[in-house]
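S.K.: fold the following for me, if possible:
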Amino acid sequence: MTETSDFKLHPQLRSDSLRVGKLGLCELRLVNDARFPWCLLIPRVPDLVEMHHLPTAHRLTLFNEIEQVSEYLLGHTPSSKINVAALGNMVPQLHFHVIGRRPDDLSWPNSVWTAGPGQNYTKTAAETLIVGLREQLEIS
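M.R.: Numbers count the residues shown, from 1 in each chain. Below you'll find the predicted structure:
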């Protein structure tokens with residue numbers, strides 16, 4: 001993908017998450033809520049709001065990046081199920097939630113958005129996940 005200087009991360013996504021790095025298409029971020037292993041993938045395409053507006057040439061790359069993050073969460077966290085969502089009701093910039101779930105998590109079987117206020121990661125716990133994602137996905 002060609003980088004453009006027009007891409008800007010929505011301020012709400014920035015404030016709710018921690019930077020992991022850049023994949024081929026997406027900015028990868030860790031949602032700062034230690035209750036759930038939860039990543040965001042934000043395609044670095046300026047002014048993108050709807051999933052069906054993602055250029056066709058990028059769709060397979062997006063799916064592959066979602067798959068890579070999902071596999072990491074399944075293999076390196078206590079997750080037994082992965083939820084993928086693209087809602088956009090609160091933040092219009094197109095972004096994808098990749099969330100590790102398990103039957104004993106705080107919100108199971110309901111949505112993570114029903115679990116109440118988040119609990120920030122400790123610095124050590126966040127660094128462990130971020131470093132693991134960077135190593136597994138070969139992000140520098």
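S.K.: name the SS class of Leu18, please.
M.R.: strand (DSSP: H, G, I helix; E, B strand; the rest coil).
S.K.: torsion angles phi and psi at the nearest residue to it once chain neighbours are set aside?
M.R.: Spatial nearest neighbour of Leu18, excluding adjacent residues (CB to CB, 6 or more residues apart in numbering): Leu30 at 4.7 Å. (C-beta placed from N, C-alpha, C; glycine too.) Phi and psi for Leu30, reported as degrees, to the nearest 10, are phi -100, psi 120.
S.K.: gap between Leu30 and Arg59?
M.R.: Here the distance between Leu30 and Arg59 works out to 24 Å (CB to CB, to the nearest Å).
S.K.: and the two? Which one has more around it.
M.R.: For Leu30 against Arg59, the residue with the higher neighbour count under other CB atoms under 10 Å is Leu30, and the figures read 20 against 14.
S.K.: mind listing the residues bridging to the more buried one?
M.R.: With DSSP bridges as the criterion, Leu30 is bridged to Leu18, Cys39.
S.K.: contacting residues for it?
M.R.: Residues counted as contacts of Leu30 (CB atoms under 8 Å, 6 or more residues apart in numbering) are Ser17, Leu18, Val20, Trp38, Cys39, Leu40, Tyr121, Ala126, Leu129, Ile130, Leu133.
S.K.: contacting residues for the first one?
M.R.: In this case it means Ser17. Arg29, Leu30, Val31, Asn32, Leu40.
S.K.: do the last one as well
M.R.: Residues counted as contacts of Leu133 (CB under 8 Å, 6+ apart) are Val20, Gly21, Leu28, Leu30, Cys39, Val69, Tyr72, Ile139.
S.K.: likewise the fifth one?
M.R.: Applying CB under 8 Å, 6+ apart, we find Cys39 in contact with Val20, Leu28, Arg29, Leu30, Val31, Val69, Leu73, His97, Val98, Ile99, Leu133.
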